[in-house]
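Enquirer: With the sequence up front, the predicted model follows.
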Amino acid sequence: MERSSTNDLRRILLAVTETSSLIRLWHVVAEHLADTRVELVAIFVSDDRWHRAASLPFTQEISRIGRANVKFTPKRAEQINKDAVDRTRIHLQRLADEAELKFVFEVLREHQATQLRDLVSVEQDILIAPSHLRGWPVYAEFARLNCPILLVDTED
């Protein structure tokens, strides 16, 4: 990911998960858009617990519409994750387009958390994240970043 040669370009890093309230998070992003030299980097933090659960031999997927329960497989976990990523990317792209904001979308698995450091380069950058990420292992990497972290309560 290329960075402007001048320090006048700031990044807003927006961490989201499949359960994040994008509208609440976007309101906080909008508050930080006064600077016209802002780039938004949305980071979809993938919940590896889906993948770990899918690897267990006894895990079942329970249908909400009355179908029979089926084995929850790694392939199914990956499909659920892909669907969540796609929905989130589309929604955030729409919001960024409306705000006329440069937008980058990254997917980060928990085991890739150390790559977060590559996304922050100046102290003026800010990380906006849902407060429930505080309980995830990836939060330890967030805390090591050289930028302010703004946790947003997104619980309904």
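Expert: Looks like it arrived, so ask away.

Enquirer: Centre of the chain to the lengthiest helix in the chain, how far?
Expert: Criterion DSSP state H: the longest helix present in the chain is helix 74-98. Averaging C-alpha positions (CA atoms, centre = their mean, to the nearest Å) puts helix 74-98 10 Å from its chain's average.

Enquirer: now stretch 91-101
Expert: 15 Å.

Enquirer: what's the following helix or strand after the longest helix of the chain?
Expert: strand 102-109 (DSSP states H and E).

Enquirer: Now do the buried residues in that following strand.
Expert: 103, 105, 106, 108 (16 or more other CB atoms under 10 Å). Bear in mind the C-beta positions are built from the backbone N, C-alpha and C, glycine included.

Enquirer: And for stretch 57-69?
Expert: In stretch 57-69, the ones that count as buried by 16+ other CB under 10 Å are residue 61.

Enquirer: Convert the C-alpha atoms of it to CSV, please.
Expert: Extracted C-alpha coordinates of stretch 57-69, given in CSV (Å, rounded to 0.1, in the frame of the first residue of the first chain):
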residue,chain,number,x,y,z
PRO,A,57,-16.0,-33.3,14.1
PHE,A,58,-19.2,-32.7,16.1
THR,A,59,-20.1,-29.2,15.0
GLN,A,60,-23.5,-28.8,13.4
GLU,A,61,-25.1,-25.9,11.6
ILE,A,62,-28.6,-25.3,12.8
SER,A,63,-31.0,-24.0,10.2
ARG,A,64,-33.2,-21.0,11.1
ILE,A,65,-35.8,-21.9,8.5
GLY,A,66,-36.6,-25.5,9.5
ARG,A,67,-34.2,-27.5,7.4
ALA,A,68,-32.3,-30.4,9.0
ASN,A,69,-29.1,-29.7,10.8
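
Enquirer: returning to what we had before: now tabulate the buried residues of strand 102-109 in a markdown table and tack on pLDDT and distance to residue 134.
Expert: Below are those laid out as a markdown table (pLDDT from 0 to 100; distance: CB to CB, whole Å):
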| residue | pLDDT | distance to residue 134 |
| --- | --- | --- |
| 103 | 87 | 25 |
| 105 | 94 | 23 |
| 106 | 90 | 20 |
| 108 | 85 | 16 |
